[in-house]
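K.L.:
Whatever this is, show me its structure:
(one chain, ligands or ions: 1)
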Amino acid sequence: MNIEIISLPKIEERRGNLSVIEGNTIPFDIKRVYYLYDVPSGAERGGHAHKNLKQFLVALSGSFDVVLKNATEEKIITLNKPYEGLLINPGIWREIRNFSSGSVCLAVVSEVYEEDDYIRDFDAFMQYVNGKL
Ligand code: T46
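P.N.:
Model (predicted):
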């Protein structure tokens, strides 16, 4: 599956830690940043794939599970470190669940917001990926 866990630099000091995402950390030019927060217990986000958008997710605080599916595989990645992120390339279905209380999911992405880039129906997603096999 075309995903990758990428470690971020972690600068540790007695006054706290600092991590950074910059141009050469992730393999795309950053066009947009958004974040999920105040997610109620039991809620799920995602439930879609992107046609072109590349995405880098980081658990800035707390933890959550990212369920990933392509035509043949399913994987569950738990994100729980602010100095590590998950790169999700296009054509992968994602669902985000099991948000811990107070968690924050940062998304750094390669495209501006465009609803046409989303595939929000799982059957349509399977047809899309099978057509690409
Ligand atoms: C993803 C996961 C991790 C905007 O107006 N602008 C934006 O940049 C975004 C991301 C969303 N929206 C609007 C569209 C919807 O009316 O915000 C509403 C919620 O968006 P969505 O249902 O897509 O939210 P999630 O959490 O299911 O998905 C979002 C991202 O859309 C998606 O790329 O992978 O976070």
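
K.L.:
F28 against S110, yeah?
P.N.:
Yes - using CB atoms under 8 Å, F28 is in contact with S110, at 4.0 Å. For every residue, glycine as well, the C-beta is placed using N, CA and C.

K.L.:
Now for K31: which residues touch it?
P.N.:
The neighbours of K31, taking CB atoms under 8 Å, 6 or more residues apart in numbering as the test, are 109-112.

K.L.:
so can I have JSON lines of those residues showing neighbour count?
P.N.:
As requested, those are exported to JSON lines (neighbours: other CB atoms under 10 Å):
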{"residue": "V109", "neighbour count": "21"}
{"residue": "S110", "neighbour count": "19"}
{"residue": "E111", "neighbour count": "17"}
{"residue": "V112", "neighbour count": "9"}
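
K.L.:
Make CSV out of those and add secondary structure.
P.N.:
Shown next, in CSV, are those (DSSP: H, G, I helix; E, B strand; the rest coil):
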residue, secondary structure
V109, strand
S110, coil
E111, coil
V112, coil
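
K.L.:
so which of these comes closest to the ligand?
P.N.:
V109 (6.6 Å; CB to the nearest ligand atom).

K.L.:
Looks like the closest one contacts I26 (just checking).
P.N.:
No - V109 lies out of contact with I26 (CB under 8 Å); the separation is 9.9 Å.

K.L.:
which residues are common contacts for the two?
P.N.:
With CB under 8 Å, 6+ apart as the test, V109 and I26 both reach F56.

K.L.:
The chain against the ligand: which residues are in contact?
P.N.:
Contact residues (CB under 6 Å from any ligand atom) of the chain with the ligand: 32, 34, 36, 45-46, 55, 94, 96, 107, 113.
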